[in-house]
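>>> Provided below are the primary sequence and the corresponding predicted coordinates.
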Amino acid sequence: MRRAVFIALAAAVALALTACGRETNHDVRLSIEQISSIAAEGALMADDVARDRSKNTYVRVHGEELSSQAEHEAEKLNDAPIDPALRERVEKAIGLAGEIGGGIDDLRVAPQDRRKAAQTEQDLNQWADEAREIADSI
């Protein structure tokens, strides 16, 4: 009986260790979907700015949260041990996260610039679509 318990425990540990060290495709996909979602939310905020329907303080505070989230997702993807087959797509997603954070930061710097906000909205929507396409390819 004791030997059977030991063998079962050893098998469970071995199975768990085989998954260690690599992010699953599902985890990578979720992180990239999060990047897409951040861009889409940033685009909504940019649309509000472009239509003069937002307060400067809101744009600065919420924009800080969004750009921090984009940076965090990029850091997670960068630091995670990822299947080499996913590396190129992950690097593209990391680059998009940087662009997204930068676009949102531009809104924070000049939340009264309606023309710039309209361009940022377009950029963020494009980046959201690109991130979604990457996630869908995983």
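Nice, thanks for sending it over.

>>> immediately after the helix or strand where G101 lies, which helix or strand?
According to DSSP states H and E, G101 maps onto helix 87-109. Where DSSP H and E defines the elements, the next helix or strand beyond helix 87-109 is helix 114-136.

>>> Buried residues, that following helix. List them.
116-117, 120-121, 123-125, 127-128, 130-132, 134-135 (16 or more other C-beta atoms under 10 Å). From N, CA and C alone the C-beta is placed, and that goes for glycine too.

>>> returning to what we had before: list the buried residues in the helix holding G101.
For helix 87-109, by 16+ other C-beta under 10 Å, it's 89-90, 93-94, 96-97, 99-101, 103-108.

>>> now do stretch 77-90
77, 82, 86, 89-90.

>>> With only the CA atoms kept, save it in CSV.
In CSV, the C-alpha atoms belonging to stretch 77-90 read as follows (Å, rounded to 0.1, in the frame of the first residue of the first chain):
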residue,chain,number,x,y,z
LEU,A,77,5.5,37.8,-21.9
ASN,A,78,9.1,38.8,-22.0
ASP,A,79,10.0,37.1,-18.8
ALA,A,80,8.1,33.8,-19.3
PRO,A,81,9.8,30.8,-20.7
ILE,A,82,7.9,30.4,-24.0
ASP,A,83,7.8,27.7,-26.6
PRO,A,84,10.3,28.7,-29.3
ALA,A,85,7.6,28.2,-31.9
LEU,A,86,5.7,31.1,-30.3
ARG,A,87,8.7,33.5,-29.9
GLU,A,88,8.2,35.6,-33.0
ARG,A,89,4.5,36.2,-32.3
VAL,A,90,5.2,36.9,-28.6
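
>>> Just the mean pLDDT for it, thanks.
Summarised as a single mean, pLDDT over stretch 77-90 is 95.

>>> now the angle from the longest helix along the chain to helix 87-109?
With secondary structure taken from DSSP state H, the chain has its longest helix at helix 25-50. Between helix 25-50 and helix 87-109, the angle comes out at 20 degrees (axes from the mean of the first three to the mean of the last three C-alpha atoms, to 10 degrees).

>>> Which SSE is immediately downstream of helix 25-50?
Heading C-terminal from helix 25-50 (DSSP H and E), you reach helix 56-79.

>>> Thanks a lot, catch you later.
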